[in-house]
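Asker: Test case, fold it:
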Amino acid sequence: MNVTEAGCSPPSAEYQYSLFPVIYILALVVGLPGNLAALFVFTFKITPRTAFSVFISNLALADILILCTLPFRIHYHLNRDDWVFGDVACRITGVLFYSNNYMSICFMTCICVDRYMATVHPQAYLRQRRPWRSLAVCMAIWCVAGVMMLVFFLLGPLETNVNQSGNHTCFENLSKHELNTSLVVYNLLILIFCSVLPTVIILVCYPLVVRRISMIRTKTAQRAVRVIYTILAITLLCFLPSQLANLLHLLRRMGFIKSCTAANRIFEARRVTTALVTLNTCLDPVLYYVTTSHCKWRRLKKTWLCGRVERSRDVSTIAVD
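Answerer: Residues are numbered from 1 along each chain as shown. Have a look, this model is predicted:
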């Protein structure tokens with residue numbers, strides 16, 4: 001149920017026409033190069049393949065898929081929420097944008113579990129660290145995400161709604177779907193298993209894990225602590241606000257929150273926090289960097305810098321000649 005259906009006048013959305021494009025452009029400029037570099041390094045340069053590198057590669061791939069949808073959303077908001085790309089493009093970009101946000105936190109949870117096992121239970125980890133196990137986990141996550149995408153893709157037109165300005169909206173005000181009881185159950189299951197549960201694992205379990213890992217004076221243990229702290233920061237800054245807003249939105253839709261003022265605040269919070277989730281694509285490269293011994297990154301950086309130096313020398317030589 002959206003705020004209009006509840007008999008409440010919708011809040012002003014003028015801020016989103018400038019705020020959201022800025023957020024998405026920042027995510028593209030910072031996040032895309034970092035995630036492409038991470039995908040390349042952890043897929044082709046980290047050898048032998050480990051469970052950890054598999055999870056990192058899949059997290060980078062999920063981030064890249066989110067980032068590929070942002071040019072469409074930038075145009076959408078700059079065009080004052082008027083979708084001009086058609087219903088099929090709306091469905092594809094919409095389900096990719098929302099489902100991959102859930103996938104990101106699931107992969108980060110897998111990374112936390114992997115680092116915990118590697119540090120606290122190293123012998124068991126060595127017996128079970130075969131890459132095919134992590135590949136199976138990643139395939140399961142992608143399959144669940146695929147089912148999520150397929151359900152929304154087959155629900156029907158997502159671009160046919162027309163707002164008060166006469167513009168075609170995309171993935172907004174889904175009144176005829178939101179009134180469907182099965183969709184409420186579907187959203188509740190997603191919220192619990194793809195959002196709340198991973199967040200609880202990260203926010204509750206891993207501060208306790210850090211206490212134990214901190215007692216282990218090895219480079220692997222200290223690196224694991226940095227990984228966990230980085231994931232905690234990303235979760236608190238990017239994912240937790242969005243999940244709280246989605247929970248309040250679901251409670252509002254189920255009729256537990258009836259105030260129009262509260263409905264409007266929830267509506268605005270949900271839109272803003274959903275946009276802010278994309279900033280995790282800027283912070284994830286920090287996670288990639290602190291998880292390694294940095295030798296691969298240094299080598300990549302040296303190669304890049306040497307290339308620039310050589311090109312500068314060539315230009316200087318030509319200028320002198």
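Asker: D284 is in contact with V30, correct?
Answerer: No - using CB atoms under 8 Å, V30 is not in contact with D284; the gap is 10.3 Å. For the C-beta atoms, the positions are set from N, CA and C on the backbone; glycine is no exception.
Asker: Looking at these two, which is more packed in?
Answerer: The neighbour comparison of V30 against D284 (other CB atoms under 10 Å) goes to D284, with 26 against 16.
Asker: Nearest to the spatial middle of the chain, which residue is it?
Answerer: Central residue of the chain (CA atoms, centre = their mean): N101, 3.5 Å from the mean position.
Asker: what's the spacing between it and Q243?
Answerer: N101 sits at a distance of 10 Å from Q243 (criterion: CB to CB, to the nearest Å).
Asker: what number of residues lie near the residue nearest to D114 when sequence neighbours are not counted?
Answerer: Spatial nearest neighbour of D114, excluding adjacent residues (CB to CB, 6 or more residues apart in numbering): F52 at 5.2 Å. Neighbour count for F52, taken as other CB under 10 Å: 23.
Asker: so F52 makes contact with I111?
Answerer: Yes - counting by CB under 8 Å, F52 touches I111, with 7.0 Å between them.
Asker: so where's the stretch 51-200 of the chain uncertain?
Answerer: 129, 155-165, 173-183 (pLDDT under 70).
Asker: rewinding a little: and the residue nearest to D114, how far from M149?
Answerer: 27 Å.
Asker: Would you mind measuring from T169 to R80?
Answerer: For T169, the distance to R80 - CB to CB - is 11 Å.
Asker: quick one, which of those two is more surrounded?
Answerer: Neighbours were counted for T169 and for R80 using other CB under 10 Å; T169 has more, 19 against 13.
Asker: Disregarding residues adjacent in the polypeptide, which is nearest to the residue nearest to the centre of the chain?
Answerer: Sequence neighbours aside, V277 is the residue nearest to N101 in space, at 5.0 Å (criterion: CB to CB, 6+ apart).
Asker: can you count the residues close to the one you found?
Answerer: With other CB under 10 Å as criterion, V277 counts 24.
Asker: State the distance from it to R115.
Answerer: 23 Å.
Asker: And for L279?
Answerer: The value you get for L279 to R115, if CB to CB is used, is 23 Å.
Asker: so where's the stretch 201-321 of the chain shaky on pLDDT?
Answerer: By pLDDT under 70, the low-scoring segments of the stretch 201-321 of the chain are 291-321.
Asker: Quick check: longest helix in the chain by residues?
Answerer: helix 87-120 (DSSP state H).
Asker: For the host helix or strand of T199, name the packing helices and strands.
Answerer: Per DSSP states H and E, T199 falls inside helix 197-200. Applying 3 or more CB pairs under 8 Å, 6 or more residues apart in numbering; DSSP states H and E, we find helix 197-200 packed against helix 87-120.
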